[in-house]
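S.K.: The sequence and its predicted three-dimensional model are supplied below.
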Number of protein chains: 2
Amino acid sequence: MRGTERSVVLLSGGMDSATVLAAARRRGPVRALTVHYGQRHARELASARRLARCFGVEAHVVVRLPIGPLLESSLTRPARRLPAGGPGADGGLPSTYVPARNTIFLALALGYAESTASRSIWLGVNAVDYSGYPDCRPEFLRAFRRVARLATREGVEGRPIAIRAPLQRLSKAEIVRRGERLKVPWQWTWSCYAGGRRPCGRCDSCRLRARGFDEAGVVDPLLDG
Amino acid sequence: MRGTERSVVLLSGGMDSATVLAAARRRGPVRALTVHYGQRHARELASARRLARCFGVEAHVVVRLPIGPLLESSLTRPARRLPAGGPGADGGLPSTYVPARNTIFLALALGYAESTASRSIWLGVNAVDYSGYPDCRPEFLRAFRRVARLATREGVEGRPIAIRAPLQRLSKAEIVRRGERLKVPWQWTWSCYAGGRRPCGRCDSCRLRARGFDEAGVVDPLLDG
């Protein structure tokens, strides 16, 4: 049973956005939006394309944003080392933090949603097993919902575009369990920051993923293959 | 006398952003950010470059955002006619409305400001002599300020990046007067939507500009040349 809620899904190609795509697709037709911003893990792009095809999206737009030179982060500057001490190991934000990334992604999704008469935007942010980025917190999303209401024609007319972040309060293990129920093809998702042929197993993202599968008692087919 | 407030200015090349650039430059060092999003009036770009040079900015970043295909607007779709009935003549939003444009611009400026330790973002939005776009209203900017506070490292630490829109409540005539005081080189600004060699004189933007200069009793050197 599919619903009729037309939506835009921010699809990175990672396990969280894949789970969100699966959930949004049950509600209705989906347009997927992938932003390639010069990050190291361009491998995510290939995963995003596969996932979009797998879930039968109406359209998959890949926006190439040349914002690498604009934003300071180890994800966009190959010369900077990736952290491997675990999330927030040094007490501050890890160098993988990309300033205003979720604000930029949501702003683009908002324009796309309004242009296509979509009723909601879905994204896979998570504030439990995450790297401490400020723009993953529930209060950030609440603030952006207000922007979405005031910035758009529909919002002004009383039909704001909804911002849905269903994984926000789930642990990585709970996300794995939810993804299992939604039949997410994990083998086509990609999480590693390093951008090798196989996951490095050492970066924050690999560690969070491994712990999630481990705690959920599910075998990660990406490591099993 | 120059101040020390480091800022990012959203510079389109029009008369409003030129006036804002002049004001920000008095406060301190400026980085200018111009977003080229496939709009018709690419002529604005050349104006932006000239203005940035003229005011001695520290850096001028032009981001080419291929969002034209993503956003529905007569400014990005050459096949759609430009409105010439005056702002809001048909009671609704004009076709020049670009969904979420200011949200996207502010999001990019926020990332750039955080990456360069800038303390403020300046933009030339105006809610008096404007085309009725929802993302030009004071309540939209208030909502975005909250996003800026919650989305960034500095904001979380109690030093949010300020969003300054000093022209917000001025009429076009008042903007012309303020620009005169700040010695804005009007001949290097560009307002026309049509993108010809000379201003068309018929589009909403040309009409607003002409009325502003007229009411301020100032001759527009762009028409005088």
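M.R.: In hand now; what should we look at? Numbers count the residues shown, from 1 in each chain, chains lettered A, B, ... in the order given.
S.K.: going forward, measure contacts between C-alpha atoms and count neighbours the same way
M.R.: Fine.
S.K.: Shouldn't A:A48 be within a strand?
M.R.: No - counting by DSSP: H, G, I helix; E, B strand; the rest coil, A:A48 is not part of a strand but helix.
S.K.: so how far is chain B from it?
M.R.: 18 Å (Cα to the nearest Cα, to the nearest Å).
S.K.: mind checking pLDDT for that residue?
M.R.: Turning to A:A48, the model gives it a pLDDT of 95.
S.K.: Then the one 10 residues further on?
M.R.: In the prediction, the pLDDT value recorded for A:E58 is 95.
S.K.: how deep is A:A173 tucked in, by neighbour count?
M.R.: Neighbour count of A:A173, defined by other Cα atoms under 10 Å in any protein chain shown: 21.
S.K.: so who does the closest residue in space to it that isn't next to it in sequence touch?
M.R.: Nearest in space to A:A173, with sequence neighbours left out and distances taken as Cα to Cα, 6 or more residues apart in numbering or on different chains, is A:G212 at 4.0 Å. By Cα atoms under 8 Å, 6 or more residues apart in numbering or on different chains, the contact list for A:G212 reads A:S171, A:K172, A:A173, A:E174, A:I175, A:V176.
S.K.: gap between the second one and A:A127?
M.R.: In other words, A:K172. Using Cα to Cα, to the nearest Å, we find A:K172 at a distance of 10 Å from A:A127.
S.K.: more crowded one of the two?
M.R.: A:K172 (25 against 18).
S.K.: Spatially nearest residue to that one, not counting backbone neighbours?
M.R.: A:G212 (4.5 Å).
S.K.: Equivalent analysis for A:E139, please.
M.R.: Per Cα to Cα, 6+ apart, closest to A:E139 is B:L150, 7.1 Å.
S.K.: burial of the one you found, as a residue count?
M.R.: 27.
S.K.: OK, contacts around it?
M.R.: Here B:L150 is in contact with A:P134, A:D135, A:E139, A:F140, A:A143, B:V156 (criterion: Cα under 8 Å, 6+ apart).
S.K.: Just the buried residues out of those residues, in ChimeraX syntax.
M.R.: In ChimeraX, a selection of the buried entries from the contacts of B:L150 looks like this (16 or more other Cα atoms under 10 Å in any protein chain shown):
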select /A:134,135,140,143
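S.K.: Give me the below-cutoff pLDDT ranges for chain A.
M.R.: Applying pLDDT under 70 to chain A picks out residues A:1, A:39-41, A:67-69, A:72-93, A:95, A:129-131, A:225.
S.K.: can you give me how far the strand or helix carrying A:L141 is from the chain middle?
M.R.: A:L141 belongs to helix A:138-151 when assigned by DSSP states H and E. Here helix A:138-151 shows a centroid-to-chain-centroid distance of 18 Å under the convention Cα atoms, centre = their mean, to the nearest Å.
S.K.: same check, this time on stretch A:151-164
M.R.: The answer for stretch A:151-164 is 22 Å, by Cα atoms, centre = their mean.
S.K.: Over to stretch A:103-114?
M.R.: 13 Å.
S.K.: So A:S191 sits against A:R209, correct?
M.R.: Yes - between A:S191 and A:R209 there is a contact under Cα atoms under 8 Å: 7.3 Å.
S.K.: Rebuild the contacts of B:L150 as a markdown table, extending it with distance to A:P160.
M.R.: Shown next, in a markdown table, are the contacts of B:L150 (distance: Cα to Cα, whole Å):
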| residue | distance to A:P160 |
| --- | --- |
| A:P134 | 24 |
| A:D135 | 21 |
| A:E139 | 18 |
| A:F140 | 17 |
| A:A143 | 14 |
| B:V156 | 27 |
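S.K.: farthest-separated two in the contacts of B:L150?
M.R.: Maximum pairwise distance in the contacts of B:L150, criterion Cα to Cα, is 13.5 Å, between A:A143 and B:V156.
S.K.: What helix or strand is A:L33 located in?
M.R.: Per DSSP H and E, the secondary structure element for A:L33 is strand A:30-36.
S.K.: can you check A:A117 too?
M.R.: With DSSP H and E as the test, A:A117 turns up in no helix or strand.
S.K.: Tell me how many other residues surround A:P185.
M.R.: 19.
S.K.: Contacts only, for it.
M.R.: Contacts of A:P185 (Cα under 8 Å, 6+ apart): A:L51.
S.K.: if we go to 10 Å?
M.R.: A:M15, A:A18, A:T19, A:A22, A:R50, A:L51, A:C54, A:F55, A:G179, A:P221, A:L222 (Cα atoms under 10 Å, 6 or more residues apart in numbering or on different chains).
S.K.: Endpoint to endpoint, stretch A:182-201 covers what distance?
M.R.: The first and last residues of stretch A:182-201 sit 25 Å apart, counting by Cα to Cα.
S.K.: Tell me the gap between it and the middle of its chain.
M.R.: On Cα atoms, centre = their mean, the centre of stretch A:182-201 falls 13 Å from that of its chain.
S.K.: In ChimeraX, select just the buried ones from the contacts of A:P185.
M.R.: Remark: buried members of the contacts of A:P185, expressed as a ChimeraX selection using 16+ other Cα under 10 Å:
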select /A:15,18,19,22,50,51,55,179
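S.K.: Please enumerate the strands of chain A.
M.R.: Per DSSP state E, chain A carries strands over the ranges A:7-10, A:30-36, A:59-64, A:120-122, A:162-164.
S.K.: who touches the last one?
M.R.: Around strand A:162-164, the neighbours that count as contacts under Cα under 10 Å, 6+ apart are A:7-9, A:20, A:24, A:106, A:109-110, A:113, A:118-125, A:141-142, A:144-146, A:148-149, A:155.
S.K.: any idea how far the nearest residue to A:I104 once chain neighbours are set aside lies from A:R25?
M.R.: Distances taken as Cα to Cα, 6+ apart put B:A107 closest to A:I104, at 4.9 Å, once the chain neighbours are dropped. As judged by Cα to Cα, B:A107 and A:R25 stand 28 Å apart.
S.K.: Noted, bye for now.
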